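**Q** Got a predicted structure plus its sequence, pasted below:
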Amino acid sequence: MSENGLDPIIHAPARLRIVVTLAALHDGDTLSFTRLQDLIGLTPGNLITHLRTLQDAGYVTTEKTGNGATARTSVALTHSGRAALERYTTVLRELLDSATPKISG
Amino acid sequence: MSNVNDMDDGTTMDLHSAATIANETRERAKRELTISGPVLFASGGLVLLLGYGAIWLSVRDQRPYHGPTGAAIAVLIVLVMAAVIITASVVDRAASGVAGQSVLRRRIGFSAIGIGYVGVLVLEAALAHAGASHAVAYGVFAAAAPILVTGAIYIANSATSLDWPLFGLGTCLIAIAAAGAFAGPRTVWLVGALAGGLAFWIKAAVELWLGRT
């Protein structure tokens, strides 16, 4: 955890986009690598790097099915990843609230 | 303001940037991955209004009642096919690349509607075969049964998604079908067109209001 309490795994623009996009799926759903890439706008190499970081943290799972022309990699947010995003969002909101100047009466 | 350096992609993201990225990404994902309810329900309303309306125009002066004309049935079929194409394209756009339980649930839901309509057609033929009058088989039953089946399936689907507006639409459709049947073989088509169409459009408006674009 970083010094301000934000999860450093999620607190990176590309990974934040990945996690938030995957969180829009229903529980139990997966998203294809190509559609995720299309939504996030990353190169395949960059996306693979960030997915690996998220996978090592247990926040996403990837599964490859088929081979050759029919190969398909699907990505899903784990329960732990969803919980981490919720914590991240809560901490971020608290930090933003505390950073906002209070108007005293 | 706190800055955290992202060692992986070398960019720095402050708190406001993080909030902006999260909000914009959430909105985009919702827009791209969610099936557009307003479009689907508005097209359903149009099928009822124009399709049932065309049939009502073809039967309103029939004494005795003998059933919709071929031209009116053709209008309804074309509208239903157009709605199916719109639905398929909207679903395909949102569901592209998505796999899992929600896809399976949606397929079961659409299959239920298709199976329900086939059941209605077979039952209609059975009624006619058993000697039911044209007014009953091709009037009251033909108009009310598809709306009733649609309503029942919407109520069932609302249970899995806890979608209360869908539950409301299902209840309205069942009420419209059941109460409309008392209007007789001619007017039941008009009731279905106006009240059914309106119910679908209200649901489309509620979807818009809830931000389910």
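**A** Great, that's in hand.
**Q** what about the helix or strand containing A:Leu95 and chain B, any contact?
**A** Taking DSSP states H and E as the criterion, the element that holds A:Leu95 is helix A:79-99. Yes - Helix A:79-99 is in contact with chain B by C-beta under 8 Å from any C-beta of the partner chain, via A:89, A:92-93, A:95-96, A:99. Just so you know, the C-beta spots here come from the backbone N, C-alpha and C atoms, and that holds for glycine as well.
**Q** Got the confidence number for the closest residue to chain A within chain B?
**A** Going by C-beta to the nearest C-beta, chain A is nearest to B:Gly97 of chain B, at 2.7 Å. Here the pLDDT value assigned to B:Gly97 is 90.
**Q** A:Ala76 belongs to a helix?
**A** No - counting by DSSP: H, G, I helix; E, B strand; the rest coil, A:Ala76 falls outside a helix, being strand.
**Q** Surely it is in contact with A:Asp29?
**A** Yes - in this structure, A:Ala76 is within contact of A:Asp29 by C-beta atoms under 8 Å, at 6.9 Å.
**Q** Residue of chain A nearest chain B, please.
**A** Taking C-beta to the nearest C-beta as the measure, chain A has A:Arg35 as its residue closest to chain B, at 2.7 Å.
**Q** contacts for stretch B:135-145?
**A** The contact list for stretch B:135-145 (C-beta atoms under 8 Å, 6 or more residues apart in numbering or on different chains) reads B:52, B:55, B:59, B:64-68, B:120, B:123-124, B:127-128, B:132, B:177-178, B:180-181, B:184-186, B:188-189, B:191-192.
**Q** before we move on, the earlier item: pull the number of nearby residues for the residue of chain B closest to chain A.
**A** B:Gly97 has 20 neighbours, counted by other C-beta atoms under 10 Å in any protein chain shown.
**Q** Spatially nearest residue to B:Ala42, not counting backbone neighbours?
**A** Spatial nearest neighbour of B:Ala42, excluding adjacent residues (C-beta to C-beta, 6 or more residues apart in numbering or on different chains): B:Ala204 at 4.2 Å.
**Q** all helices of chain B, in order?
**A** Along chain B, counting by DSSP state H, helices occupy B:15-33, B:37-46, B:53-59, B:70-95, B:101-129, B:134-135, B:142-161, B:164-180, B:184-191, B:197-209.
**Q** okay if I get these as CSV plus distance to A:Pro44 and mean neighbour count?
**A** Listed next are the helices of chain B as CSV, based on distance: least, C-beta to C-beta, whole Å; neighbours: other C-beta atoms under 10 Å in any protein chain shown:
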stretch, distance to A:Pro44, mean neighbour count
helix B:15-33, 19, 16
helix B:37-46, 32, 20
helix B:53-59, 52, 22
helix B:70-95, 22, 15
helix B:101-129, 24, 14
helix B:134-135, 63, 18
helix B:142-161, 34, 20
helix B:164-180, 39, 19
helix B:184-191, 55, 22
helix B:197-209, 35, 19
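**Q** Was I right to think A:Val91 contacts A:Pro8?
**A** No - contact criterion C-beta under 8 Å: A:Val91 and A:Pro8 do not qualify, at 11.7 Å.
**Q** coming back round to it: overlap in contacts of A:Ala76 and A:Asp29?
**A** Common contacts of A:Ala76 and A:Asp29 (C-beta under 8 Å, 6+ apart): B:Gly100.
**Q** middle-most residue in chain A, spatially?
**A** With distances taken as C-alpha atoms, centre = their mean, chain A has A:Val19 as the residue nearest its mean C-alpha position (1.7 Å).
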